[in-house]
Each structure stands twice: as C-alpha cells, then as structure tokens.
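Visitor: Sequence first, then the predicted structure, then my questions.
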Amino acid sequence: MADVTAPTSPRIDHHPDIVALRAHSEETTATPVAQGVEALAVLCGIYLAASPWIVGFNGSTTLAVNNAIVGIAFAALVSGYGPAYERTHAMSWAALALGAWTIMCPWIVSGHQFATRANVSNVIVGVLACLCALALAAMGMARARR
C-alpha cells in the first residue's frame, strides 16, 4: 500500500518574513538603551500604582484607585515589549495615552481637592511615562525604517 499521509506543509514560524521580523525585534530590544527605557517605564508604572501610599494621598480614594489601576496597566503594557516586541511596539501609543492621563487625572478625577504633592507626583511620573512611551515608539519606528 502507498503512503497516504499528506506531505506536511512548512510551519508559518519558519517563513522568511517571520524570521526577519523576529530578528529585527530581537535586534531592537537587545540594545542597552531599549532595555533601560523598558525598565524605567516598568518602574514608572510600579511607582504610579504605589504612589498613593508613597506620597501619602491614599485617603483620596478616587485618585488612589485611579493611580493603582493606571499604574498596573502601564507596567503590564510596557513589560510586554521585551519578550514580544514585534507584536507590541505599536502599543507604545497606548502607553503614551496612559502617561498623558496620569498628568491630567488629579484635576479631572475630583477637581482641585488633592494636595500639591499628589499633583506634583502625578505630573512627574506622567511626564516620565510619556517620554518612555515616545522613546519606545521611536525605537520601533527607527528600526522599521532600516
């Protein structure tokens, strides 16, 4: 009897375009600058989540909950860049939006009732988050152009 098994088709993960994309992504994330920016971005998210207790405005529930949620979301979002950069570098625009929200949220969430230290903390970490997100987006776009 003849072998009736169909020949196996090559796997998609061995396709030349996929291999080139992975090599490009590994090259992008392997630089010390990219790893440093990613680490700083993750630290920004962790600090933002913990800032109500670090700075001392955990009694302001709306801003405290907002910062905890946005900080965890930001840290989770940017921590995905390293292991899966080819699929996640475009999400740096979402990280930029979270950074911009962090800057504005003390005034939007509950008006001007928060202490100056909460406002200053959010503005500083928001600016750092925006800069990290822009740097991550720029690294992805610069590699794509090459």
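Guide: That came through fine. Numbering: from 1, shown residues only.

Visitor: Which of the helices or strands spans the closest residue in space to A135 that isn't next to it in sequence?
Guide: Leaving aside its sequence neighbours, A135 sits nearest to V37 (CB to CB, 6 or more residues apart in numbering; 4.8 Å). The way it works is simple: take the backbone N, C-alpha and C, and place the C-beta from them, glycine included. Using DSSP states H and E, V37 maps to helix 32-51.

Visitor: ranges for the strands of this protein?
Guide: Here the chain has no strands by DSSP state E.

Visitor: I'd like the distance from T31 to A133, if you could.
Guide: Using CB to CB, to the nearest Å, T31 is found at 17 Å from A133.

Visitor: Quick check: the gap between the residue nearest to A95 when sequence neighbours are not counted and A100.
Guide: Nearest residue to A95 in three dimensions, chain neighbours excluded: A133, at 3.9 Å (CB to CB, 6+ apart). Distance, A133 to A100, by CB to CB: 9 Å.

Visitor: sorry, back to before: T31 and A133: which is more packed in?
Guide: When T31 and A133 are compared for neighbours, A133 comes out ahead with 26 against 12, by other CB atoms under 10 Å.

Visitor: before we move on, the earlier item: so for the helix holding V37, mean pLDDT?
Guide: In this model, helix 32-51 carries a mean pLDDT of 90.

Visitor: And for stretch 80-90?
Guide: The average pLDDT within stretch 80-90 is 59.

Visitor: Just list the residues touching V37, thanks.
Guide: Residues counted as contacts of V37 (CB atoms under 8 Å, 6 or more residues apart in numbering) are 132, 135-136, 139.

Visitor: let's see 7 Å
Guide: Contacts here follow CB atoms under 7 Å, 6 or more residues apart in numbering; on that basis V37 touches 132, 135-136.

Visitor: Identify the residues contacting the nearest residue to N119 once chain neighbours are set aside.
Guide: Using CB to CB, 6+ apart and skipping the chain neighbours, the partner closest in space to N119 is P106 (4.8 Å). By CB under 7 Å, 6+ apart, P106 lies in contact with 63, 114, 118-119, 122.
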